[in-house]
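Engineer: the sequence isn't on hand, but the structure is:
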């Protein structure tokens, strides 16, 4: 199911913001991420563990007290999204105000995980909403979520909102493109990155994969 | 709220004072928050962070891919015929072409690590590999080898534990060799049984000394880590 939505529009301040102003805006944005936990399964427990005193992601400015999606900047999808739940997930994501970010937390939410063969499980939330950072694990450690948050903050620090909204079409599933970068036998082909492929800027070449 | 019965007298500010006492006590207690990005958590040496691949040990038998409940392992291999050596026949062996684990799908059950007959898969406790793109969560064999280099050594065995089989076998082989070497030297000289015993004890002591050295470095890691690979692994870790 892919719904074609219009591109979100930006205010004049955002569009015409010169570089230093953009840095300031990004700086403010990255350290005040009001988070909204879409917790559906055991990964939600790890999210809760991360929010408690031992790991305490408020240290990073991630504030878990958003009243609802309308007040949130970041959505953490943790758990198995069933097809029944998927419309609600999409709806809550649509209610969030721009600019909004999504962390997909755990195997189920990345790609369906152990339930990828099930008749009723959504095979990855990126089929219905665009995801910024994927956290692997089943469930991931709380520290893995903290690392993902740091990574998201790095992304926010570098980003240009105009690029973000012109390059990315919302709601394009990952299944519309190749799943593997390349295979030595050439049996798996990778579709060329297009405007609709949901590629985040700089995501094609991460430091680890290049090393 | 003074009780009508007069048994419990609660002043107006009592709750506030009690709350402040709790606050003051908590304030004086040291914080137990982990400083994660600055201080890495101390994880047990076999915690399930990521699966590493020791390519040299892999025979591409495909057991891991078959046993994986998620089917997240993909192996491609081909057969290679080695030329016959003198007096033998040509032999075939498998050559690994690609080995990928899709960590966006993996459920970290460890069945692949358990079933691997040659210990080519190994748990590493690294967990910092969140990605911007889901395609990057499919790790190829180069990256999996880097993970293998980060796998911590196994915890030391309990001093009272039963001796591991391979260590016992090595010790027995050494003892046998020592006996063989000692027998022709002592027999023609016609030495007394006491001297014989002393020589045997000396050999046993030497063997015992030799064994812990072997224990300290796991055999498969010793054999499979070229130094330059370890270097890149460490660099990769520093990047994250």
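Structural biologist: Done, it's in. Note that the coordinates shown come from a computational prediction; the quantities given were computed from them, not determined experimentally.
Engineer: neighbours of residue 142, just the number please.
Structural biologist: The chain I'm using is chain A. Look at residue A:142: counted by other Cβ atoms under 10 Å in any protein chain shown, it has 24 neighbours. (Glycine included, C-beta is placed from N, CA and C.)
Engineer: that was the other one, I meant chain B.
Structural biologist: 14.
Engineer: from the contact counts, what lies against the helix or strand containing it?
Structural biologist: For residue B:142, the host element (DSSP states H and E) is helix B:141-149. In terms of contacts (3 or more Cβ pairs under 8 Å, 6 or more residues apart in numbering or on different chains; DSSP states H and E), helix B:141-149 is packed against strand B:50-53, strand B:91-102, strand B:121-124, helix B:227-239.
Engineer: quick check: what element follows the first one along the chain?
Structural biologist: Yep, that's strand B:50-53 we're talking about. Once the chain leaves strand B:50-53, the next helix or strand it forms, by DSSP H and E, is helix B:63-67.
Engineer: angle of the helix or strand that that following helix is followed by against helix B:141-149?
Structural biologist: Of the helices and strands lying after helix B:63-67 in sequence (DSSP H and E), the nearest is strand B:73-82. Calculated by axes from the mean of the first three to the mean of the last three Cα atoms, to 10 degrees, strand B:73-82 forms an angle of 100 degrees with helix B:141-149.
Engineer: in strand B:73-82, which residues are buried?
Structural biologist: B:73-75, B:77 (16 or more other Cβ atoms under 10 Å in any protein chain shown).
Engineer: returning to what we had before: flag every buried residue along the helix holding residue B:142.
Structural biologist: Judged by neighbour count (16+ other Cβ under 10 Å), helix B:141-149 contains these buried residues: B:141, B:143-149.
Engineer: find the nearest non-adjacent residue to residue A:113, please.
Structural biologist: Spatially, and ignoring its direct neighbours in sequence, residue A:113 is nearest to residue A:107 (3.3 Å; Cβ to Cβ, 6 or more residues apart in numbering or on different chains).
Engineer: residues contacting residue 84?
Structural biologist: No chain in the question, so chain A it is. For residue A:84, the contacting residues are residue A:120, by Cβ atoms under 8 Å, 6 or more residues apart in numbering or on different chains.
Engineer: can you look at chain B instead?
Structural biologist: Counting by Cβ under 8 Å, 6+ apart, residue B:84 touches B:90-91.
Engineer: can you confirm whether the helix or strand where residue A:149 lies lies near chain B?
Structural biologist: For residue A:149, the element it lies in under DSSP H and E is helix A:142-158. Yes. Judged by Cβ under 8 Å from any Cβ of the partner chain, helix A:142-158 comes into contact with chain B through A:143-144, A:146-148, A:150-151, A:155.
Engineer: that helix packs against which elements?
Structural biologist: Packing partners of helix A:142-158 (3+ Cβ pairs under 8 Å, 6+ apart): helix A:19-30, strand A:33-39, helix A:42-51, strand A:101-105, strand A:133-135.
Engineer: right, is the last one up against chain B?
Structural biologist: Yes. Part of strand A:133-135 sits near chain B under the criterion Cβ under 8 Å from any Cβ, namely A:133-135.
Engineer: what would those look like in CSV with distance to residue B:163 and pLDDT?
Structural biologist: Shown next, in CSV, are the residues of strand A:133-135 next to chain B (distance: Cβ to Cβ, whole Å; pLDDT from 0 to 100):
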residue, distance to residue B:163, pLDDT
A:133, 47, 94
A:134, 45, 94
A:135, 42, 95
